[in-house]
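Chemist: model the following, please.
(one chain, ligands or ions: 3)
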Amino acid sequence: MRILTAEQLSEADKISIKKQQISSEELMEKAASLVFKEIHNRLQTAQIPIKIFCGIGNNGGDGLVVARLLMEQAYSVEVFIVNYSDKRSEDFLSNFQKLKNLDRVRPVLINSETDFPEIKSGDFIIDAIFGIGLNRPAEGWVAKLIDRLNESGAFKLSIDMPSGLFSDKPTDPDSSIIHADFTLSFQTPKMSFFLPESMDYVGDFQILDIGLDKEYLAKLKPQAVLVSKGIAQSLYKPRRKNSHKGDYGHLLISGGSYGKMGSVNLTATAALRTGCGLCTLYIPRCGYEILQTNLPEAMVLTGDDQDFLSGYPEDFEPDGLCFGMGAGTSDKAKTALEDMLKRTKKPVLVDADGLNILSENKELLKLLPENSVLTPHPGELKRLIGQWTDDFEKLEKVKKFSQKYKIIVLVKGAYTFIVNREEVYINNSGNPGMATAGSGDVLSGVIASLMVQGYSPLSAAVLGVYQHGVSGDIAASEKGYEAIMASDIAANMGIAFLRLTESDEA
Ligand SMILES: NC(=O)C1=CN([C@@H]2O[C@H](COP(=O)(O)OP(=O)(O)OC[C@H]3O[C@@H](n4cnc5c(N)ncnc54)[C@H](OP(=O)(O)O)[C@@H]3O)[C@@H](O)[C@H]2O)[C@@H](O)CC1
Ligand SMILES: Nc1ncnc2c1ncn2[C@@H]1O[C@H](COP(=O)(O)OP(=O)(O)O)[C@@H](O)[C@H]1O
Ligand SMILES: [K+]
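Modeler: Ligands and ions are numbered 1, 2, ... in the order given. Take a look at the predicted model:
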């Protein structure tokens, strides 16, 4: 699914109306009918007090259509017009008239704070105040109304956007924004649904296909692409019967220090569970017995130092390299990274302390082979690219960084962003149970393993992040969020690949 801007969607709206020879009022009826259906499916005519707050633009128009359709099914509905301006949209006005023609309804106009209705915690609020047409933060009594709705404790369903939230630019967190429990959004998700600063306003969300012209939509340059199972399937390379371990690549994982050997163990386990043919670990001497005992499938080479990573193995040509987990940022570890980067032309994956070393020694960034993959979490990213003022600026900075060094940069989080120059992918698989020590180490193993198996670094990053999330979801369904440990994410990778190759019907 492609993420488009408000401007692109409004234009697509106009083009679709023209091409499909329908009126904008008909498009609104179609969009709002889908919202009605979702609500009706869930409420099944339960007599919950429904209060619909409608603005005076097209988002308000949607709210009015939903109100009419709910009334036709004998729901208990009250309609409030948030009358912030006299510039009512045409489709708002025609639907306002249609609603008033029903004799049971008396929409209540809200012109100031004194008109606010009482809102009880058991009410069901439908928020149709502002949609993608919001062009400034909500102010005055409209802001107070939004605050009042948020404080009510009532369930809030937003149409298209939580009112007060911008779709594709930063929203001042001090402004008034509906804190939706659920958002039903039209045609495509909006960028702010995925960014850490704004995702909480959206609640759970569902996208309703309102039938905008597919041909036109396909021509638009998306802000980002949401990674789906279909995309992951299209990247997947099935294993051939006529193959041997040499066909699936030899990965060298370099990391670890005294007390941090577990991270290398997790990365290596994940890499082997993701199918690389051979895996060698390059570690300080203190980790030798630990890893040889724990993970007999991996080969182990050690540097000269007892506790810290040092040097780089002589005469060793793996198919790909992964550096950083548990490595620390000692001078020796820095030299180890530098030696590695000077010895290879193949894209590498750098994670964790490898990223911290790069942040402290920015000149090393220039040594990264083209299309190397960096996998920072937000803290590591900040050290790497500097502070940002908001998530949209962060994304722009990451794109520039990716362009400057010709590399792929992940921004890990509840939604992980995969940035390849101007191109952005957003991953939606995974769950909060994965917020646990070592799950990032597992991700590095998954991606690096795919990289040595002949996937392009970008495909490895997109497929790897998706599979890592799916594996975490399998772990959650078996164990519950709290009990997930990073090793469970590695352990479930096989089932995640089985799921990937299953058709959805199966
Ligand atoms: N495109 C699609 O796919 C489809 C879209 N559809 C629906 O249309 C919605 C977009 O409708 P829209 O363009 O009329 O804008 P909307 O969000 O109702 O608000 C604009 C109004 O708010 C005003 N205003 C803005 N900020 C303000 C503020 N802070 N405080 C006060 N006023 C403020 C602004 O007034 P002005 O700035 O001119 O003063 C204007 O009057 C979209 O979200 C979806 O629900 C579907 O029906 C069909 C398919
Ligand atoms: N709430 C969440 N939902 C989905 N995935 C998550 C969530 N929290 C963390 N993750 C995933 O878990 C991993 C955590 O990585 P990281 O912070 O580097 O962990 P560590 O350093 O402990 O290995 C990332 O891949 C991230 O996307
Ligand atoms: K809304």
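
Chemist: quick one: contacts for the residue of the stretch 251-400 of the chain found nearest ligand 2?
Modeler: For the stretch 251-400 of the chain, the nearest residue to ligand 2 under the criterion C-beta to the nearest ligand atom is His377, separated by 3.6 Å. In short, each C-beta sits where N, CA and C put it, glycine included. Applying C-beta atoms under 8 Å, 6 or more residues apart in numbering, we find His377 in contact with 412-413, 440.

Chemist: and which of those is nearest to His40?
Modeler: Minimum distance to His40 across the contacts of His377 is 34.8 Å, recorded for Gly413 (C-beta to C-beta).

Chemist: in three-state terms, label the closest one for me.
Modeler: coil (DSSP: H, G, I helix; E, B strand; the rest coil).

Chemist: neighbours of it, how many?
Modeler: Neighbour count for Gly413, taken as other C-beta atoms under 10 Å: 18.

Chemist: pLDDT wise, what is it at?
Modeler: What the model reports as pLDDT for Gly413 is 97.

Chemist: doesn't Gln467 lie inside a helix?
Modeler: Yes. Secondary structure of Gln467 (three-state DSSP): part of a helix.

Chemist: in the stretch 201-350 of the chain, what residue lies closest to ligand 1?
Modeler: Ile210 (5.6 Å).

Chemist: surely that residue and Ser33 touch.
Modeler: No. Between Ile210 and Ser33 there is no contact under C-beta atoms under 8 Å: 9.3 Å.

Chemist: looking at the contacts of His377, spot the one nearest ligand 2.
Modeler: Nearest to ligand 2 among these, with distances taken as C-beta to the nearest ligand atom, is Gly440, at 2.1 Å.

Chemist: assign a three-state SS to that closest one, would you?
Modeler: With three-state DSSP as the criterion, Gly440 reads helix.

Chemist: which residues touch it?
Modeler: So Gly440 contacts 351-352, 375, 377, 412 (C-beta under 8 Å, 6+ apart).

Chemist: need the max-distance pair from the residues you listed.
Modeler: Ala352 and Lys412 (11.0 Å).

Chemist: how close does Ser176 get to Ile56?
Modeler: 17 Å (C-beta to C-beta, to the nearest Å).

Chemist: likewise Val373?
Modeler: In terms of C-beta to C-beta, Val373 sits 49 Å off from Ile56.

Chemist: check contacts around the closest residue to Asn58 other than its chain neighbours.
Modeler: Nearest non-adjacent residue to Asn58, counting by C-beta to C-beta, 6 or more residues apart in numbering: Ser89, 5.2 Å away. Each residue near Ser89 by C-beta under 8 Å, 6+ apart is listed here: 56-58, 60-61.

Chemist: how about Phe323?
Modeler: Applying C-beta under 8 Å, 6+ apart, the residues contacting Phe323 are 253-255, 336-337, 340, 348-351, 354.

Chemist: for it, what are phi and psi?
Modeler: phi -130, psi 140 (degrees, to the nearest 10).

Chemist: what of Leu281?
Modeler: Torsion angles, degrees, to the nearest 10, at Leu281: phi -110, psi 130.

Chemist: mind listing what it touches?
Modeler: By C-beta under 8 Å, 6+ apart, the neighbours of Leu281 are 252-254, 256, 264, 268, 287, 291, 298-301.

Chemist: among those residues, which lie within helices?
Modeler: Among these, the members found in helices (DSSP state H) are 264, 268, 291.

Chemist: surely the first one meets Thr280?
Modeler: No. The pair formed by Val264 and Thr280 falls short of the contact definition of C-beta under 8 Å, at 11.2 Å.

Chemist: report the set of residues contacting both of these two.
Modeler: The contact lists of Val264 and Thr280 share Ile253, where a contact means C-beta under 8 Å, 6+ apart.

Chemist: so those two - more neighbours on which side?
Modeler: With neighbours defined as other C-beta under 10 Å, Val264 and Thr280 compare such that Val264 has more, 33 against 18.

Chemist: show the pLDDT at the residue nearest to that one when sequence neighbours are not counted.
Modeler: Leaving aside its chain neighbours, Val264 sits nearest to Gly256 (4.3 Å; criterion: C-beta to C-beta, 6+ apart). Gly256 is assigned a pLDDT of 97 by the prediction.

Chemist: okay, and the residue nearest to Ala270 when sequence neighbours are not counted sits in which element?
Modeler: Using C-beta to C-beta, 6+ apart and skipping the chain neighbours, the partner closest in space to Ala270 is Gly445 (3.0 Å). Gly445 belongs to helix 439-452 when assigned by DSSP states H and E.

Chemist: what pLDDT, on average, does that helix get?
Modeler: 98.

Chemist: next one: stretch 458-474
Modeler: Per-residue scores along stretch 458-474 average to 98.

Chemist: with just CA atoms, put stretch 231-242 into CSV.
Modeler: Below are the C-alpha coordinates for stretch 231-242, written out as CSV (Å, rounded to 0.1, in the frame of the first residue of the first chain):
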residue,chain,number,x,y,z
ILE,A,231,5.7,-7.3,-1.3
ALA,A,232,7.6,-9.7,0.9
GLN,A,233,6.4,-12.7,-1.2
SER,A,234,7.6,-10.9,-4.4
LEU,A,235,11.1,-10.5,-2.9
TYR,A,236,11.4,-14.1,-1.6
LYS,A,237,13.7,-16.5,-3.5
PRO,A,238,12.7,-20.1,-2.9
ARG,A,239,15.5,-22.6,-2.3
ARG,A,240,16.3,-24.8,-5.1
LYS,A,241,16.5,-28.6,-4.7
ASN,A,242,19.7,-28.7,-6.8
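
Chemist: if I look at the nearest residue to Glu29 once chain neighbours are set aside, how far off is Leu145?
Modeler: Excluding its sequence neighbours, the residue lying closest to Glu29 (C-beta to C-beta, 6+ apart) is Val65, at 5.8 Å. As for Val65, its distance to Leu145 is 21 Å (criterion: C-beta to C-beta).

Chemist: in contact with the residue nearest the centre of the chain: list those residues for me.
Modeler: Geometric centre of the chain, nearest residue: Tyr415, 2.7 Å, by C-alpha atoms, centre = their mean. Going by C-beta under 8 Å, 6+ apart, Tyr415 touches 194-195, 199, 426-428.

Chemist: redo that, cut-off 7 Å
Modeler: 194, 426-428 (C-beta atoms under 7 Å, 6 or more residues apart in numbering).

Chemist: isn't the residue nearest to Ala270 right up against Gly275?
Modeler: No. Assessed by C-beta atoms under 7 Å, Gly445 is found out of contact with Gly275, at 11.0 Å.

Chemist: Phe53 belongs to a helix?
Modeler: No. Counting by three-state DSSP, Phe53 is located in no helix; its state is strand.
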